[in-house]
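What shape does this take:
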Amino acid sequence: MTHEQQDPRFREIPRERVSERVAQEIMKLIAAGTLAPGERLPGERQLAEMMNVSRVSVRAALQHLKAQGFISAVQGGGTRVTAAPESADSPLMRLVSADAKNYYELAEIRAGVEVWAARRAAGQATPEQIAEIGRQLKAMADPARGNGHKTGDDHAFHLAIAKASNSAVYMHLMEMLSNVLERNIDYHRSTLCAGPDDDARLLAQHRRIFEAISARDPEGAATAMHEHLNDMLAHYANIPGGPVSEEALQQAG
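Sure thing, here's the model as predicted:
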């Protein structure tokens, strides 16, 4: 071996296995939000055909991603992107449910991040994602669905906006906190704002959010979301011995 070949400044480049490349490509899709939390991946054979690799390489790539926690097995076969939602009895769920003050703090946090998401969705959403927000709004407006669907429909509307933000980090964050956020929305819809007049007002607020996103108006969407969530916060002042006073809400607004 010559002196040049032994030069320590240059190292051999390791050969990349096909399975590692497959794992990298799937991770890119997850990181970009193209593969959403909870979404089921195509089967091994389909992936092998679409990526023009062997099923052995695909299987090794999926095992690697499972070990890292990015995907998980589905009962009955297959894999899906890990959503990692909070369990119904998680410490965070118990903390939020323990006191109206904690519900209020969670609503305050939502008032910050969801305003950002609405603004971003107005600029980033695809036509299909905007149509999905519209479908969720239509479900909310359907009187035939009854009170039992209010919380679920409201939650689905906000998750559709999260997906339309096309931020993989935000989307995964919303999925991770999905159960906690749904509990927060349920408290709003069943305790704070449970009457028919409340339903009509909240539907109008959601419609303004959707219309601004549909019109590609980022500031209008942010304003509409801000007004909607601040309306929720204002109702906490009506709780006897509640977490905030009217004066504090006025200062926060």
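
Could you list the low-pLDDT ranges of the stretch 101-250 of the chain?
239-250 (pLDDT under 70).

Please enumerate the helices of it.
127-141, 150-164, 168-176, 178-187, 196-214, 218-235, 246-252 (DSSP state H, counting those that start in this stretch).

would CSV of those helices with distance to Ala121 be doable?
No exception for glycine: its C-beta is placed from N, CA and C like everyone else's. Output for the helices of the stretch 101-250 of the chain, formatted as CSV (distance: least, Cβ to Cβ, whole Å):
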stretch, distance to Ala121
helix 127-141, 7
helix 150-164, 4
helix 168-176, 10
helix 178-187, 17
helix 196-214, 5
helix 218-235, 7
helix 246-252, 24
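
Please name whichever of those is nearest to Leu106.
helix 178-187 (5.0 Å; Cβ to Cβ).

picking that back up, quick one: which of the helices of the stretch 101-250 of the chain is nearest Lys66?
Using Cβ to Cβ, the helices of the stretch 101-250 of the chain put helix 168-176 closest to Lys66, at 16.9 Å.

who does that closest one touch, helix- and strand-wise?
helix 18-32, helix 100-124, helix 150-164 (3 or more Cβ pairs under 8 Å, 6 or more residues apart in numbering; DSSP states H and E).

Distance from the last one to the middle of the chain?
Spelled out, it's helix 150-164. 9 Å (Cα atoms, centre = their mean, to the nearest Å).

what's the answer for stretch 36-50, then?
How far stretch 36-50 lies from its chain's middle: 21 Å, per Cα atoms, centre = their mean.
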